[in-house]
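**Q** curious how this folds, go ahead:
(2 chains)
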Amino acid sequence: KNEVEQSPQNLTAQEGEFITINCSYSVGISALHWLQQHPGGGIVSLFMLSSGKKKHGRLIATINIQEKHSSLHITASHPRDSAVYICAVGGSQGNLIFGKGTKLSVKP
Amino acid sequence: DTAVSQTPKYLVTQMGNDKSIKCEQNLGHDTMYWYKQDSKKFLKIMFSYNNKELIINETVPNRFSPKSPDKAHLNLHINSLELGDSAVYFCASSQNALDGRTEAFFGQGTRLTVV
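**A** The predicted structure follows:
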């Protein structure tokens, strides 16, 4: 069993829909990261959080430390949000332990 | 001005060759990493250096050797390339590895194809 589990694996949405991607982890962590990988391949850090909630534009990330669960929400989704969203947790030596990613496709 | 840059972006080479991928960061970070993304898009740590000192060396064949001449550079040298080495290799850096609470910055990736 992977230490970081994401769901769903694939997600197709219509433009404007509210999107939720979930992440559960089984190890103790210092921080949880949400990353975005564009179709061109580059990886960008969206959020790093260790408690509560963070918001950046249309993106919201929440974490529940007791339940070992985090969610990434996208409000008013747009085709340019189409990408792979990756949940990762900080390992004991600072490296990231990744989930398998959620491929999001937003249709116009 | 690119924060983490790696070269080349694409690398096609024959089995048995030796190749290097270079990575440089201009963020003043202490820690650099090499991650491998396999054909199923799953990312996994290979190596990590903190201030030029190796701190993570996952189960990676000896044919892979990282080299950090200074804390701004972490190169990856691969000997005797095999078909299974085909993947995308990402370099990344972060300010302070050991507390796990720092944001990671990634290079654009190097797509290695071994034929």
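**Q** could I get the CA-only coordinates of the helix-or-strand element of chain B with minimal mean pLDDT as PDB?
**A** Ranked by mean pLDDT, DSSP states H and E, the helix or strand of chain B with the weakest confidence is strand B:53-57, at a mean of 84. Output of strand B:53-57 as PDB, limited to C-alpha atoms (Å, rounded to 0.1, in the frame of the first residue of the first chain):
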ATOM      1  CA  GLU B  53      26.700  16.100   1.600                       C
ATOM      2  CA  LEU B  54      24.700  13.100   0.600                       C
ATOM      3  CA  ILE B  55      21.800  12.500   2.900                       C
ATOM      4  CA  ILE B  56      19.500  10.300   0.900                       C
ATOM      5  CA  ASN B  57      20.500   7.500  -1.300                       C
END
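**Q** now for that strand, which elements pack on it?
**A** Strand B:53-57 sits against strand B:43-50, with contacts defined as 3 or more C-beta pairs under 8 Å, 6 or more residues apart in numbering or on different chains; DSSP states H and E. Every C-beta, even on glycine, is put in place using the N, C-alpha and C of the backbone.
**Q** next, the buried residues of the strand it packs on.
**A** Neighbour-count burial for strand B:43-50 flags B:43, B:44, B:45, B:46, B:47, B:48, B:49, B:50 (criterion: 16 or more other C-beta atoms under 10 Å in any protein chain shown).
**Q** what does stretch A:56-74 contact?
**A** When contacts are defined by C-beta atoms under 8 Å, 6 or more residues apart in numbering or on different chains, stretch A:56-74 is touched by residues A:18-26, A:32, A:34, A:46-47, A:49-55, A:75-78, A:81, A:85, A:87, A:104.
**Q** how about it as PDB, C-alpha atoms only?
**A** Extracted as PDB, the C-alpha positions of stretch A:56-74 are listed here (Å, rounded to 0.1, in the frame of the first residue of the first chain):
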ATOM      1  CA  HIS A  56      -4.700  31.000  -3.500                       C
ATOM      2  CA  GLY A  57      -7.100  32.400  -6.100                       C
ATOM      3  CA  ARG A  58      -9.500  29.700  -7.000                       C
ATOM      4  CA  LEU A  59      -7.500  27.000  -5.300                       C
ATOM      5  CA  ILE A  60      -8.100  25.900  -1.700                       C
ATOM      6  CA  ALA A  61      -6.200  23.300   0.300                       C
ATOM      7  CA  THR A  62      -7.300  21.800   3.600                       C
ATOM      8  CA  ILE A  63      -5.700  19.400   5.900                       C
ATOM      9  CA  ASN A  64      -7.000  17.300   8.900                       C
ATOM     10  CA  ILE A  65      -3.900  16.100  10.800                       C
ATOM     11  CA  GLN A  66      -5.900  13.800  13.100                       C
ATOM     12  CA  GLU A  67      -7.600  12.100  10.100                       C
ATOM     13  CA  LYS A  68      -4.400  12.200   8.000                       C
ATOM     14  CA  HIS A  69      -6.400  13.600   5.100                       C
ATOM     15  CA  SER A  70      -6.100  16.600   2.800                       C
ATOM     16  CA  SER A  71      -8.300  18.000   0.000                       C
ATOM     17  CA  LEU A  72      -7.600  20.300  -2.900                       C
ATOM     18  CA  HIS A  73     -10.500  22.200  -4.200                       C
ATOM     19  CA  ILE A  74     -10.800  24.200  -7.400                       C
END
